[in-house]
Every structure is written in C-alpha cells, then in structure tokens.
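S.K.: Okay, sequence plus prediction incoming.
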Number of protein chains: 2
Amino acid sequence: MCEANVYIDERDGKGEVLYLENVDVIRPEDGKLFIKNLFGEQKFFDGQIKEISLIKHRIVLTRK
Amino acid sequence: MCEANVYIDERDGKGEVLYLENVDVIRPEDGKLFIKNLFGEQKFFDGQIKEISLIKHRIVLTRK
C-alpha cells in the first residue's frame, strides 16, 4: 500500500516523533492540517508540512 | 511504486491540470514548494498544498 507515516519534528532534541501511521489524506482545514489514516482515524494538527518523501513513506510536520 | 502525480487546481474552470508525474519529494523552500520526481526532474511551484490523497496517488496544489 502507498500510505505514509506522519512524524512531528519537535526541534527540541527529541527529533522526529511518530504522530500517525498509515496516513492516506492530509489537507489544510480551518488553519490546521486535517489528517486521516486508512483505519478512519482522524486528527487535526496545528502546524505545517516540512517534507513529504513518498518513496520513504514519510511525511514530516512541524508545529506552528 | 508509491509516488504520486501532482496537479494544479486552476480554479478558473480548467479544473485540475497535471503538473508533474511520479513525484517523490515535496518540501517548502524559500517560500515556494520544491517538487522532485523519481526521474530527478525538479520544479519550484509558487503555491501551496490543497490536498494529499496517497491511496489515489494524487497531490493537488493551488497557486498563491
């Protein structure tokens, strides 16, 4: 499958922390990022996309 | 493979226009979106991400 794992770059020495696995959809909504995975889990994240790397199945976000 | 095709939502009746196929990497860089595909083609797009849908292999952008 072609979903990706979403990580948060915490920029505080913790590095990149897993936020949600098997993500299918991401879109900006009401100033946040709406994120939905294959299992119907949905989250809103107050931040932005830092990098998408599809071959690595990785999407990294940063907090606002 | 798990790359995606990138489309521009032109919002002018043209609908979504293919911009780059087989995209691997997207990241904000210098106020634009840096986009690179599997074949090493690179583009800078002056806009933002409207929606990512990985299962559909689609990423839609809008112009600034």
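M.R.: Nice, thanks for sending it over. From a predicted model like this one, the values you see are computed outputs, not experimental measurements.
S.K.: what does chain A have sitting close to chain B?
M.R.: Contact residues, chain A versus chain B (CB under 8 Å from any CB of the partner chain): A:1-4, A:23-28, A:38, A:48-55, A:57, A:59. Every residue, glycine included, has its C-beta placed from N, CA and C.
S.K.: Check the offset of the longest strand seen in chain A from the chain's centre.
M.R.: In chain A, taking DSSP state E as the definition, the longest strand is strand A:16-29. Relative to its parent chain, strand A:16-29 has a centroid offset of 3 Å by CA atoms, centre = their mean, to the nearest Å.
S.K.: what does stretch A:39-55 give?
M.R.: Centroid separation between stretch A:39-55 and its chain, computed with CA atoms, centre = their mean, is 2 Å.
S.K.: so where's chain A uncertain?
M.R.: By pLDDT under 70, the weakly predicted segments of chain A are A:1.
S.K.: Can you report how many residues neighbour the nearest residue to residue A:29 once chain neighbours are set aside?
M.R.: Sequence neighbours aside, residue A:44 is the residue nearest to residue A:29 in space, at 7.3 Å (criterion: CB to CB, 6 or more residues apart in numbering or on different chains). Neighbour count of residue A:44, defined by other CB atoms under 10 Å in any protein chain shown: 11.
S.K.: which ones are touching residue A:44?
M.R.: Taking CB atoms under 8 Å, 6 or more residues apart in numbering or on different chains, we find residue A:44 in contact with A:29, A:30, A:32, A:33, A:34, A:35.
S.K.: one step back: other SSEs contacting the longest strand of chain A?
M.R.: If you count contacts as 3 or more CB pairs under 8 Å, 6 or more residues apart in numbering or on different chains; DSSP states H and E, strand A:16-29 packs onto strand A:4-9, strand A:32-37, strand A:42-45, strand A:58-63, strand B:47-53.
S.K.: The fourth one: which residues count as buried?
M.R.: Neighbour-count burial for strand A:58-63 flags A:59, A:60, A:61 (criterion: 16 or more other CB atoms under 10 Å in any protein chain shown).
S.K.: Same check on the last one?
M.R.: Taking 16+ other CB under 10 Å as the basis for neighbour counts, the residues of strand B:47-53 that come out buried are B:49, B:50, B:51, B:52.
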